[in-house]
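Q: Any chance you can model this:
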Amino acid sequence: MALTKANKFIHFKDLILYEDEHILLINKPVGMASLDDKSTRNVNHLARLYHPELKLCHRLDKMTSGVLLLAKGGEHYRSISLQFQHRQVRKCYHTLVAGVHQFDGYEINLPLLVTSNKKVYVNKQEGKASKTRVFSREQFRNYTLLQCEPVSGRMHQIRVHLAAIRCPIVGDQLYGGADIYLSKLKRNYKFSMRKEEQPLNHGYLLHAHSLEFTHPASGEQLSFTAPYPKNFEVVLKVLRKYNAPAT
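A: Residues are numbered from 1 along each chain as shown. The predicted structure is shown next:
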């Protein structure tokens, strides 16, 4: 079943990671838009049905999964928005890229420009300042699991920054990322004559893994983590089995 079709059967309450009288956090699934699109199956619409005062404090791209923070009421929304504006929120994303890379806080400082066709480019003359810190979390024989911490919050920032240093995200065809096929990893893979082989990733692999911020009412420092979506889990499981690094 396609990931976007599977979202039709998801109930908003099943996405909730945490809720109190002031805030709510969800684990956004792959294929669900944050704001209004042609479908009403988007986070903003479903959130308002669940609680009429819920407001999105930030966004994730449609095919990006993970932690998404919402506030109940304008006062708490404004408080959290200021934290994002002043870069007081720590956002950690996990992603998979081709190749073996060793990063330990490597900083990508490349200005980004959004064009009229909604594609983002590095543009040192007209682009807006953008910074991403990159860490290697797990290495395979042909791939690396990265943790990316965007300091700024530009559209497609992580995707474009990684592509710019020749580490495009697996499955991100817009920015040069290739899919992963089991036939390329498993020896003696038996092809089916009945249907075409599908990629393991089912879209690009970018997951908002954790979010740290200050509670708008209590002032407590909070941190929340979202489990990987199924497609991300499957790819990592297959890589650990068939693409483990040489000992």
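Q: In three-state terms, label the residue nearest the centre of the chain for me.
A: The centroid of the chain falls nearest to residue 207 when counting by CA atoms, centre = their mean (3.1 Å). Here residue 207 takes the strand state, with states given by DSSP: H, G, I helix; E, B strand; the rest coil.
Q: before we move on, what about residue 160?
A: Each residue gets one of three states, and residue 160 gets helix by three-state DSSP.
Q: got the contact list for it?
A: Each residue near residue 160 by CB atoms under 8 Å, 6 or more residues apart in numbering is listed here: 110, 112, 120-122, 175. All C-beta spots, glycine's among them, are computed from the backbone N, C-alpha and C.
Q: Can you show me the helices along the chain?
A: Counting by DSSP state H, the chain has helices at residues 3-6, 43-50, 74-85, 157-164, 182-185, 230-242.
Q: Return the longest one as CSV; C-alpha atoms alone will do.
A: Looking back up the chat, that one is helix 230-242. C-alpha atoms of helix 230-242 as CSV (Å, rounded to 0.1, in the frame of the first residue of the first chain):
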residue,chain,number,x,y,z
LYS,A,230,8.1,2.0,8.7
ASN,A,231,9.9,2.7,5.4
PHE,A,232,12.9,4.1,7.2
GLU,A,233,13.0,1.2,9.7
VAL,A,234,12.9,-1.3,6.8
VAL,A,235,15.8,0.3,5.0
LEU,A,236,18.0,0.4,8.1
LYS,A,237,17.1,-3.3,8.9
VAL,A,238,18.0,-4.4,5.4
LEU,A,239,21.3,-2.4,5.4
ARG,A,240,22.3,-3.9,8.7
LYS,A,241,21.7,-7.3,7.3
TYR,A,242,23.1,-7.0,3.8
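Q: now, among the contacts of residue 160, which is nearest to residue 215?
A: residue 112 (30.9 Å; CB to CB).
Q: count of neighbours near residue 85?
A: Residue 85 is flanked by 10 other residues according to other CB atoms under 10 Å.
Q: Also the one 4 residues further on?
A: Other residues within reach of residue 89 by the criterion other CB under 10 Å amount to 18.
Q: Please identify the deepest-packed of the helices of the chain.
A: helix 157-164 (a mean of 23; mean count of other CB atoms under 10 Å).
Q: Tell me how far that one lies from the chain's centre.
A: Put simply, helix 157-164 sits 12 Å off its chain's centre (CA atoms, centre = their mean, to the nearest Å).
Q: Please save the CA atoms from that helix in CSV.
A: Listed next in CSV are the C-alpha coordinates belonging to helix 157-164 (Å, rounded to 0.1, in the frame of the first residue of the first chain):
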residue,chain,number,x,y,z
GLN,A,157,17.5,23.3,3.7
ILE,A,158,18.9,19.9,4.8
ARG,A,159,18.1,18.3,1.4
VAL,A,160,19.9,21.1,-0.6
HIS,A,161,22.8,21.4,1.8
LEU,A,162,23.6,17.7,1.7
ALA,A,163,23.2,17.6,-2.1
ALA,A,164,25.6,20.5,-2.3
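Q: So what's the model's average confidence on it?
A: Here helix 157-164 scores 98 as its mean pLDDT.
Q: same check, this time on stretch 189-207
A: In this model, stretch 189-207 carries a mean pLDDT of 89.
Q: buried residues in that stretch?
A: Going by neighbour count (16 or more other CB atoms under 10 Å), the buried part of stretch 189-207 is 200-207.
Q: next one: stretch 172-187
A: So, applying 16+ other CB under 10 Å, buried residues of stretch 172-187: 172, 174-175, 177, 179-180, 185.
Q: Over to stretch 120-135?
A: For stretch 120-135, by 16+ other CB under 10 Å, it's 120-121, 127, 130-135.
Q: In CSV, please show the C-alpha coordinates belonging to it.
A: Written as CSV, here are the backbone C-alpha positions of stretch 120-135 (Å, rounded to 0.1, in the frame of the first residue of the first chain):
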residue,chain,number,x,y,z
VAL,A,120,15.8,25.6,-3.8
TYR,A,121,19.3,26.4,-5.0
VAL,A,122,22.6,27.5,-3.4
ASN,A,123,23.0,31.1,-4.4
LYS,A,124,25.8,33.1,-2.8
GLN,A,125,24.6,36.4,-4.3
GLU,A,126,20.8,36.4,-3.6
GLY,A,127,20.3,33.5,-1.2
LYS,A,128,19.5,33.8,2.5
ALA,A,129,22.1,32.7,5.1
SER,A,130,21.6,29.1,6.0
LYS,A,131,23.6,26.8,8.3
THR,A,132,23.3,23.0,9.0
ARG,A,133,25.5,20.9,11.4
VAL,A,134,26.1,17.3,10.4
PHE,A,135,27.0,14.2,12.4
